[in-house]
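K.L.:
dropping the sequence and predicted coords here.
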Amino acid sequence: MRATAAIASVLGIPSDAVFAAKHWHPLTREEALRRNPFYTTRLPPNAHLYCCDQLGGDGRCRVYDERPLVCRGYPWYGQPPRTMPLPRPNCGYAIDQESVGSEK
């Protein structure tokens, strides 16, 4: 990831890899379970796990308006929207149930 970020940065290509290389730090599954057991237990055992140094103490993104695409799609990035129980209904990751329901 860091090599991709370096190339993209030198070429001036916008890339999530640049943000990720700068702000994401790998976690072991055990570390991820300590930080967020609710979400981590719902991931496949071989998932790549990271923490971001841009999350504030309250769990909110400190660079929300500039966050990369991968963060904008969390936790459904690369997957169709689906119902997922959330630990707190107002945590910021709730999907618009009306728009999802109207697509059926």
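P.N.:
Ah, there it is.
K.L.:
where does this structure dip in pLDDT?
P.N.:
1-2, 4-15, 74-104 (pLDDT under 70).
K.L.:
so where do the helices sit in it?
P.N.:
In the chain, helices defined by DSSP state H lie at 2-11, 16-23, 29-35, 37-40, 69-72, 97-102, listed in chain order.
K.L.:
if I look at the closest residue to residue 68 other than its chain neighbours, how far off is residue 54?
P.N.:
Spatial nearest neighbour of residue 68, chain neighbours left out: residue 16 (3.9 Å); criterion: Cβ to Cβ, 6 or more residues apart in numbering. Any C-beta I mention is one placed from the backbone N, CA and C, and that applies to glycine too. Using Cβ to Cβ, to the nearest Å, residue 16 is found at 13 Å from residue 54.
K.L.:
then residue 64?
P.N.:
For residue 64, the distance to residue 54 equals 9 Å [Cβ to Cβ].
K.L.:
between these two, who's got more neighbours?
P.N.:
Between residue 64 and residue 54, residue 54 has the larger neighbour count (other Cβ atoms under 10 Å), namely 17 against 11.
K.L.:
that one touches residue 60, doesn't it?
P.N.:
No - contact between residue 54 and residue 60 fails when scored by Cβ atoms under 8 Å: they sit 9.7 Å apart.
K.L.:
who are the contact partners of the residue nearest to residue 68?
P.N.:
68-70 (Cβ atoms under 8 Å, 6 or more residues apart in numbering).
K.L.:
what's the first-to-last distance across stretch 56-65?
P.N.:
14 Å (Cα to Cα, to the nearest Å).
K.L.:
next, the buried residues of it.
P.N.:
residue 61 (16 or more other Cβ atoms under 10 Å).
K.L.:
now stretch 29-43
P.N.:
The neighbour-count check on stretch 29-43 (16+ other Cβ under 10 Å) flags 32, 36, 39-40 as buried.
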